[in-house]
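Trainee: Model the structure of this input:
(chains A and B)
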2 protein chains.
Amino acid sequence: MARQERAIRTRESILESMASLFIEVGYEAATIAALVERTGLTRGALYFHFPTKESMAHGVLARAVTREGILPQTYKLQEWVDLGLLLAHRLPREPMLRAAVQLSVDPKARTLFGTRWPDWIDLGQDLLVEAKERGELLPHAVPAEIARLAVGAWTGVQLVTEALPEDRALSEEIARLYQLILPNIASIGVLAKLDTSPYRAERLLDSAAVEEPVH
Amino acid sequence: MARQERAIRTRESILESMASLFIEVGYEAATIAALVERTGLTRGALYFHFPTKESMAHGVLARAVTREGILPQTYKLQEWVDLGLLLAHRLPREPMLRAAVQLSVDPKARTLFGTRWPDWIDLGQDLLVEAKERGELLPHAVPAEIARLAVGAWTGVQLVTEALPEDRALSEEIARLYQLILPNIASIGVLAKLDTSPYRAERLLDSAAVEEPVH
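Mentor: Numbering: from 1, shown residues only, chains lettered A, B, ... in the order given. The predicted structure follows:
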């Protein structure tokens, strides 16, 4: 493994450990001392990659908005649904994504770094505007409002799902959320053709992996 | 003012100050020292009412689930909507309610105290089950699922609305949320008669005040 590649991996692994700490104890209580203990690296090694805790929070948030796994679909509305289903599949598996939500709902972290919600809303809105132009949405559906409400609803369903004792799969809850709102958004013929299965995300990621082989 | 009444007021005012601190800096960073500074009370006076920070968090969460303002309506589904509209009206005005949400999304506070989301879900589910028995819901609508998703969606829309720079009224965003999901829940004739106006909550609180005069 080349030296540069090793450095990138170390950097990612530090960031993932810090992300786990953000999730477990919150931004304020996630200290460099705890990170030293968790990673087994020296303070010097950590500081080489990230000079401050703030820079790690920035690193986490920078990875929070992603179109990974999104493939072109017949309906733009399906791509919008895929965005939410993919994130629901990935978030419980990737501490970095959960940590980004955690930083967004933490008062201190939010003041320091803002949130990535406006970027998610923009991403969704672009897809919904295109869906509307193609006639996929009902006439009364307003892309900006739906994009905004959906990001809020998605986030809250995630937070409540992980807090409830029943241990429900996030991908199933998010699928139900889309099934609840889509009948009031999608043109009726398009609605019948949308796939809101909680297992869709996994299939999408598999196809993406086939289309773009890992180097 | 009787001594007991004064004690109750002091207790409430301490709790409100601590609630504001929870909102501004999070559970971890909200210290008794900061509370002393904010209230002007001595540590002794504070400890007389609340022996620990934990007891204040419990006090905040105990006030978080409320049917205040809910009046009997022709449709149980309207009462379910009123629950959400009332909370949307009150939350930006009452630090105690915002702080309860903040404590629920804070990893450390959540571990210590749990959340009140199960109670909100139960409250909503009871109303939706009754609405279903009366034929107010569409046949496919499952009260337990809708109650759970709505608590999640409500919470997330609140968090995103307060974080976005546009300064939107929560009551208007929550009204839009209900307008988005109700067409897929309510029987069509009932849907036409539901009031989802963002101004409804204020009217309800006024009527409640008239029906139950303040002593």
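
Trainee: Break down chain A into its strands, ranges please.
Mentor: Counting by DSSP state E, one finds no strands in chain A.

Trainee: Just give me the residue right at the centre of it.
Mentor: Per CA atoms, centre = their mean, the C-alpha nearest to the average position across chain A is that of A:Leu87, at 4.6 Å.

Trainee: and the nearest residue to that residue once chain neighbours are set aside, how many neighbours does it have?
Mentor: In this structure, A:Leu87 finds its nearest non-sequential neighbour in A:Leu97, 7.0 Å apart by CB to CB, 6 or more residues apart in numbering or on different chains. Any C-beta I mention is one placed from the backbone N, CA and C, and that applies to glycine too. A:Leu97: 20 surrounding residues under other CB atoms under 10 Å in any protein chain shown.

Trainee: got the contact list for A:Leu97?
Mentor: Counting by CB atoms under 8 Å, 6 or more residues apart in numbering or on different chains, A:Leu97 makes contact with A:63-64, A:87, A:90-91.

Trainee: Contacts only, for the single nearest residue of chain A relative to chain B.
Mentor: Nearest residue of chain A to chain B: A:Gly156, at 2.3 Å (CB to the nearest CB). For A:Gly156, the contacting residues are B:151-159, by CB under 8 Å, 6+ apart.

Trainee: Relative to chain A, which of those is nearest.
Mentor: Closest to chain A out of the contacts of A:Gly156 is B:Gly156 (2.3 Å), distances taken as CB to the nearest CB.

Trainee: Next one: the residue lying closest to that closest one once chain neighbours are set aside, what pLDDT does it get?
Mentor: Among residues not flanking B:Gly156 along the chain, A:Gly156 sits closest, at 2.3 Å (CB to CB, 6+ apart). With respect to pLDDT, A:Gly156 scores 97.

Trainee: How much space separates A:Gly156 from A:Ala150?
Mentor: Between A:Gly156 and A:Ala150 the computed distance is 11 Å (CB to CB, to the nearest Å).

Trainee: Ok, A:Pro165 next?
Mentor: On the measure of CB to CB, A:Pro165 and A:Ala150 end up 26 Å apart.

Trainee: Those two: who's more crowded?
Mentor: Each of A:Pro165 and A:Ala150 had its neighbours counted (other CB under 10 Å), and the higher figure belongs to A:Ala150 (29 against 7).

Trainee: how many neighbours does A:Pro72 have?
Mentor: For A:Pro72, the number of neighbouring residues by other CB under 10 Å comes to 7.

Trainee: Repeat that for the one 3 residues further on.
Mentor: Residues contacting A:Tyr75 under the criterion other CB under 10 Å number 20.

Trainee: what's the answer for A:Arg6, then?
Mentor: Considering only other CB under 10 Å, A:Arg6 is surrounded by 10 other residues.

Trainee: And A:Gly44, by the same measure?
Mentor: Neighbours of A:Gly44 under the rule other CB under 10 Å: 7.

Trainee: and the top helix by length along chain A, what does it pack onto?
Mentor: Longest helix in chain A, counting residues (DSSP state H): helix A:3-25. For helix A:3-25, the packing partners by 3 or more CB pairs under 8 Å, 6 or more residues apart in numbering or on different chains; DSSP states H and E come out as helix A:32-39, helix A:43-49, helix A:53-62, helix A:95-105, helix B:107-113.

Trainee: could I get those helices as TSV with mean pLDDT and distance to A:Ala208?
Mentor: Output for the helices and strands packed on helix A:3-25, formatted as TSV (pLDDT from 0 to 100; distance: least, CB to CB, whole Å):
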stretch	mean pLDDT	distance to A:Ala208
helix A:32-39	93	30
helix A:43-49	92	29
helix A:53-62	94	21
helix A:95-105	93	17
helix B:107-113	91	32
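
Trainee: would a markdown table of those with distance to A:Leu177 be doable?
Mentor: Compiled in a markdown table, the helices and strands packed on helix A:3-25 are given as follows (distance: least, CB to CB, whole Å):
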| stretch | distance to A:Leu177 |
| --- | --- |
| helix A:32-39 | 34 |
| helix A:43-49 | 37 |
| helix A:53-62 | 24 |
| helix A:95-105 | 15 |
| helix B:107-113 | 22 |
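
Trainee: Let me know which of these is tucked in deepest.
Mentor: Mean neighbour counts were taken over the helices and strands packed on helix A:3-25 using mean count of other CB atoms under 10 Å in any protein chain shown, and the top value, a mean of 24, falls to helix A:95-105.

Trainee: The residue nearest to the centre of chain A: what's it in contact with?
Mentor: A:Leu87 sits in contact with A:97, A:154, A:174, where contact means CB under 8 Å, 6+ apart.

Trainee: ok so, going back, how distant is the longest helix of chain A from the center of its chain?
Mentor: Remark: helix A:3-25 is offset 17 Å from the chain centroid, using CA atoms, centre = their mean, to the nearest Å.
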